[in-house]
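# build me a model:
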Amino acid sequence: MRIEDEIHQKAFKDDYRRLLTNLLFTNNWLNQQLTPFFKEFGLTLQQHNVLAILRGQHPSPVCFGDIQNRMVDRNSNVTRLIDKLIEKGYVTRDICQANRRMIDVRITEPGLRKLEQIDENFPKLFQKLHNLKQDEAVVVSNLLDKLRG
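Predicted coordinates for the structure are as follows:
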């Protein structure tokens with residue numbers, strides 16, 4: 001559906017305003033799809049992002065700063081996210097032996113199993129994106145990369 005129809009807007013002053021509105025609207029729409037999906041697994045989108053980062057480095061640890069730099073939502077409070085994941089038993093936090101000022105974070109076996117469970121259910125989430133053909137998804141993704149410069 002066109003953004004004009006979604007928000008009941010007759011026309012935009014220019015194509016860049018339309019693009020900005022469409023990006024913001026679509027971001028909110030995506031969050032409305034993602035939030036309940038991850039809630040089914042007892043996680044938030046940001047908690048899943050941290051677990052995915054840790055799984056990518058497993059079995060090596062990742063320091064807080066590296067997690068923050070790699071997150072999709074860089075405004076997230078990494079300390080709070082890690083604390084919640086520790087409570088759930090999905091990660092551990094230790095002082096780095098090489099540099100005692102740094103904190104090492106590792107994913108646990110239960111954390112890895114939780115990600116496997118989510119991975120098995122991703123096709124259900126991705127169905128919501130199948131309004132786009134695969135080649136169109138590539139084009140949109142490449143255009144978003146170009147937009148960010």
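
# let's test this: mean pLDDT of the longest helix belonging to the chain, rounded?
When the chain is parsed with DSSP state H, its longest helix is helix 15-39. Averaging pLDDT along helix 15-39 gives 95.

# how about stretch 95-114, which residues are buried there?
Buried residues in stretch 95-114, counted by 16 or more other Cβ atoms under 10 Å: 103-108, 111, 114. Any C-beta I mention is one placed from the backbone N, CA and C, and that applies to glycine too.

# among those, name the ones in strands.
103-107 (DSSP state E).

# CSV for those, including distance to Val139?
Converted to CSV, those look like this (distance: Cβ to Cβ, whole Å):
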residue, distance to Val139
Ile103, 41
Asp104, 40
Val105, 36
Arg106, 38
Ile107, 34
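
# out of those, who's nearest Arg2?
For those, the residue nearest Arg2 by Cβ to Cβ is Ile107; the value is 42.1 Å.

# wait, that closest one sits on Val91?
Yes: between Ile107 and Val91 a contact is recorded at 5.6 Å, counting by Cβ atoms under 8 Å.

# which residues do these two both contact?
51, 54 (Cβ atoms under 8 Å, 6 or more residues apart in numbering).

# the chain: strands as residue ranges?
62-63, 91-95, 103-107.

# pipe those into a markdown table and attach distance to Val72 and mean pLDDT per row.
Listed next are the strands of the chain as a markdown table, based on distance: least, Cβ to Cβ, whole Å; pLDDT from 0 to 100:
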| stretch | distance to Val72 | mean pLDDT |
| --- | --- | --- |
| strand 62-63 | 15 | 92 |
| strand 91-95 | 18 | 94 |
| strand 103-107 | 17 | 94 |
